[in-house]
Structures are given as C-alpha cells and as structure tokens.
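**Q** I would like the atomic coordinates for the input below:
(one chain, ligands or ions: 2)
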Amino acid sequence: MAKLSVERLECRGKTVLVRVDYNVPVENGRVSDDTRIRASLPTLRHLIGQGAKLVLVSHLGRPKAKPEARYSLRPVAVRLQELLGKPVVFCEATIGPQAQAAASDLQPGGVLLLENVRFHPGEEKNDAAFAKELATLAQAYVSDAFGTVHRAHASTAGVAKYFTKAAAGLLIAKELEFLGRCVYQPVHPYVAILGGAKVEDKIAVIRSLLDRADSLLIGGAMAYTFLKAQGHGIGKSLLDSPHVGLAGELMAEAKQRGKALLLPSDHRVASEPKDGATATVCGIDIPPDMMGLDIGPETATRFGAEIARAKLVVWNGPMGMFELPAFAEGTFSIARAMAKSSAITVVGGGDSVAAVNEAGLADKMTHVSTGGGASLEFLEGKKLPGIEVLSDA
Ligand code: ADP
Ligand code: MG
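**A** Ligands and ions are numbered 1, 2, ... in the order given. A predicted model of the protein is given here:
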C-alpha cells in the first residue's frame, strides 16, 4: 500500500484526530444499526493501545450547515462507550474553546467524540479556516471514513495538510488493498457485475471497467436502458432515456474491444412493483403492460457461469428490486455464485451490501466495501481527495 498506515504512525501520548464514519441511523434517540461504529473499533483499539489521545470527528445525516438535534452524535457516543467498554466523552462543540478544552483534558487512551461536523458550513465547503481550526485540536490525523473519501470536505481532505503525518486507518487500508488490486493488478478472468437503479452514476464506471475487466454483466434497472438501445421491448420498466444512445455506444465499444457485455435474456416481471406482487418469468422482450423487476432464471444461470470461471469478481448494484421477496432471487443468486467461487470477490454499494448481508453471505466474500460512491469512483480509477491527502508510506 502506497499510503502511511495507522500501524506505522508514531502516536504515543499524542492527540490524534480520527475521521470516522458514524453516519448511522438513529431512532428515538438510540442508534438502531451500529455496524459502522463496530467497523471503527479496530482502528480505535489500536490507537488506544498505543497510548494516543483520540479526538473523533464524523458527520451524521444531512443537516443544513447548522445544529439540528435529530442529527446530533450524542447517541453515537453512548453506543460507542458500550462497545469500547470505556468512557467516551461527548463534546457539544466541534471546534472552538469548548472543543479545545475537551481535547486538552484527554489522558493517554482517552476518547472524545465531537459534535456533527456538518453543523458547520465550513465542512462541506472545505473551508480552509474551518479545517485549520479542526486541526488545532490534535497533532496527527487518521482517516478511516472510506464512505466519504470521494468528497473533498474539511474533515475528510482539507484538514490533512495542517498535520505532518496523515495516516490511513485500518478500514481504509483494507479498502485500498482490495479495491487497489482490482484497479492496479487485476487477475483474469475479471468479471464485473453492475446493477441497481442509478444508470447515470454508473455509466462512467462501465467505460473504465472496459479497460480492465474481461466481461461485464449488467442487470437491475440499468439493464433496460441497454435492452432498449438494442431495440427490445422493455414494457413499463425503468428507463434512463437520455442515456440510451450512450448505452448503445458502450455496447459497440465492448464489442470492438473483444469484451463480453452480457445483458439479461429473461426477466421476472409484474404489472407494478408492490408488496405481495407475484412474479412472472418472460423472455428477452417484456410485454407492454409489464415491468421488469428482476433477472430471470436463465440469466441467473448465464451470469453464474461467468462468475464460476472468474478469478476476480467485482459487484455493484442489485439485479432487481430485491426489497420485495418476489424479486430478490436474481440478486441472491449472484451472491450465492460469488460465495461459491474461489475468485477474489469484492462487493460495493449500499444496497448490494445489504443484499449480501440479508443472504447471510457477507463472510464468504473476500471484501465487502464500506463505501458505495467511493468504491465506484475508486474502481473508475479516479483519484479520491480523502486518499490523496494521506502521507505516503
Ligand atoms: P447500490 O446501493 O448497491 O449502489 P443502487 O442504489 O444503484 O445500488 O440501486 C439499488 C436500487 O435499485 C434498489 O433499491 C433496487 O430496488 C433498485 N432496482 C434494482 N433493479 C430494479 C428494477 N428492475 N426496477 C426498479 N428498481 C430496481
Ligand atoms: Mg443505493
């Protein structure tokens, strides 16, 4: 790994500003899913073991650059304290005298959580004065919030230049290791699977995947834009009409470069996507009054065969509206095929990761990314601002 890891950061007795991702759901003042808090524990325990003083900073939700009680990180401090089994001090300020005082009161191994960094307008603007203020709280910086490294905000990027050392936490180090392999040293056959609904967001990644991957499997709502470009009937399925032309170009490009671009050849359809809907299987052309909501069994078999041959599989985006049980099978079949394969398997994207968890197969994957947008941009080969600012190893 080309970036300095927290394991090599000299931090005994030093105050360390740690950017964590505590953007967790809070219901009735309690954290209802603590996955992201648990994910930060290895880095925190490492720093505590080194006798560092920890100042944690995170965002939660999308407050409008001012304090909003429902986006307070206080419930997170409570849960973190339970998980760490040691006191966590919560500070109602993020910068300023109150935060300064709380940081200087820390003992070696002590932990302080600052209030939501997005309560300040300077955060998302990556304001230099705000970043500098944050930096005065500590002597070293550790970033472990992979989900936000594609955004150049004050706490994820701007703050780093005020420190002599900026290190990658253990979560980010793991992301760089596995996603880095997909970009810089892909093993072949490399199969990329794309699905989900955000065609516009994902179309750029298709182009760059054509540089590295050998086959591209496209499912989910994205697929209909491609099928439309081929002249197939897509009924009432989701269509990104402005991108039909681009979908056509990408298919031509894949063909010209000798890459396989596989689309669904059958579908699970219904007249509308509602709870309790029953699925019917149809061939490649979807009847006018029907909506494609999942890949069909033949497609699942074709995609499964590609996965079985692969040495590297990257997956982003479900194959159907898996939130409805009638349309979950295609997505689960991909998860099973990946779990069974001996390839390096990497899953990214909030909904795809949720599907893999629901299938109980997360521990069968080589790497489950904690970043949706960030992992896609990384796979595109883009430089991520929050990674670029870290010190070299
Ligand atoms: P990820 O979070 O893994 O990046 P996306 O957010 O792009 O994935 O897409 C996930 C969403 O796509 C899910 O809510 C799912 O219901 C929806 N989706 C997938 N296939 C279809 C489809 N055929 N029709 C409508 N919605 C779909
Ligand atoms: Mg999503």
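
**Q** List, one by one, the residues from the protein near ligand 1.
**A** Taking CB under 6 Å from any ligand atom as the criterion, the neighbours of ligand 1 within the chain are 196-198, 220-221, 238, 292-293, 316-318, 320-321, 323, 349-352, 372. (C-beta placed from N, C-alpha, C; glycine too.)

**Q** In strands, which of those residues fall?
**A** 292-293, 316 (DSSP state E).

**Q** What does the pLDDT read for residue 1?
**A** Model confidence at residue 1, expressed as pLDDT, equals 54.

**Q** Kindly report the same for residue 208.
**A** We have a pLDDT of 89 for residue 208.

**Q** what sits against the closest residue to it other than its chain neighbours?
**A** Nearest residue to residue 208 in three dimensions, chain neighbours excluded: residue 380, at 4.5 Å (CB to CB, 6 or more residues apart in numbering). Contacts were defined as CB atoms under 8 Å, 6 or more residues apart in numbering; by that measure residue 380 touches 204-205, 208.

**Q** Which parts of the stretch 101-250 of the chain are helices?
**A** Secondary structure of the stretch 101-250 of the chain by DSSP state H, counting those that start in this stretch: the helices cover 121-124, 128-135, 170-184, 199-212, 222-229, 244-256.

**Q** will you turn these into a markdown table that also has mean neighbour count and distance to ligand 2?
**A** Formatted as a markdown table, the entries for the helices of the stretch 101-250 of the chain read as follows, by neighbours: other CB atoms under 10 Å; distance: least, CB to the ion, whole Å:
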| stretch | mean neighbour count | distance to ligand 2 |
| --- | --- | --- |
| helix 121-124 | 20 | 20 |
| helix 128-135 | 19 | 29 |
| helix 170-184 | 20 | 18 |
| helix 199-212 | 18 | 9 |
| helix 222-229 | 24 | 12 |
| helix 244-256 | 16 | 20 |
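
**Q** Minimum distance to residue 162: which of these has it?
**A** With respect to residue 162, and counting by CB to CB, the nearest of the helices of the stretch 101-250 of the chain is helix 128-135 at 3.5 Å.

**Q** residues in contact with the closest one?
**A** Contact partners of helix 128-135, identified using CB under 8 Å, 6+ apart, comprise 17, 57, 94-96, 117, 120-123, 141, 154-155, 158-159, 161-163.

**Q** Mind doing that once more with 6 Å?
**A** Defining contact as CB atoms under 6 Å, 6 or more residues apart in numbering, one finds that helix 128-135 is touched by 95, 120, 122, 154, 158-159, 162.

**Q** picking up where we left off before, out of the contacts of residue 380, which is nearest to ligand 1?
**A** residue 205 (10.5 Å; CB to the nearest ligand atom).

**Q** Might one say that that closest one is in contact with residue 376?
**A** Yes. Contact criterion CB atoms under 6 Å: residue 205 and residue 376 qualify, at 5.3 Å.

**Q** Quick check: neighbours shared by the two?
**A** Once CB under 6 Å, 6+ apart is applied, it turns out that residue 205 and residue 376 contact no residue in common.

**Q** Grab the nearest non-local neighbour of the residue of the stretch 201-350 of the chain found nearest ligand 2.
**A** In the stretch 201-350 of the chain, the residue found nearest to ligand 2 is residue 350; the distance is 4.3 Å by CB to the ion. Leaving aside its chain neighbours, residue 350 sits nearest to residue 372 (4.6 Å; criterion: CB to CB, 6+ apart).

**Q** And the host helix or strand of residue 301, what's buried?
**A** Under the criterion of DSSP states H and E, residue 301 resides in helix 297-309. In terms of neighbour count (16 or more other CB atoms under 10 Å), helix 297-309 has its buried residues at 299-300, 302-304, 306-307.

**Q** Those residues of the stretch 251-393 of the chain touching ligand 2, which are they?
**A** Remark: the part of the stretch 251-393 of the chain in contact with ligand 2 comprises 350-351, using CB under 5 Å from the ion.

**Q** Point me to the residue of the stretch 251-393 of the chain nearest ligand 1.
**A** For the stretch 251-393 of the chain, the nearest residue to ligand 1 under the criterion CB to the nearest ligand atom is residue 349, separated by 2.5 Å.

**Q** Do you know the pLDDT at that residue?
**A** Reading off the per-residue confidence, residue 349 sits at a pLDDT of 86.

**Q** could you list every residue that touches it?
**A** Taking CB under 6 Å, 6+ apart, we find residue 349 in contact with 316-317, 372.

**Q** go on, residue 268?
**A** By CB under 6 Å, 6+ apart, the contact set of residue 268 is 279, 281, 293-294, 296, 327.

**Q** Sticking with it, tell me its helix or strand.
**A** Taking DSSP H and E as the definition, residue 268 sits inside strand 267-270.

**Q** That strand: how far from the chain's middle?
**A** 28 Å (CA atoms, centre = their mean, to the nearest Å).

**Q** For that strand, give the mean pLDDT please.
**A** Taken as a whole, strand 267-270 has a mean pLDDT of 98.

**Q** Kindly report the same for stretch 288-301.
**A** In this model, stretch 288-301 carries a mean pLDDT of 98.

**Q** For residue 259, which non-adjacent residue is closest in space?
**A** Of all residues beyond its chain neighbours, the one nearest residue 259 is residue 210 (5.6 Å), with distances taken as CB to CB, 6+ apart.

**Q** Just to check, residue 15 is in contact with residue 136?
**A** No. Because the distance of 10.2 Å does not satisfy CB under 6 Å, residue 15 is recorded as not touching residue 136.

**Q** how deep is the residue of the stretch 201-350 of the chain closest to ligand 2 tucked in, by neighbour count?
**A** Summarising burial for residue 350: neighbours were counted as other CB atoms under 10 Å, giving 16.
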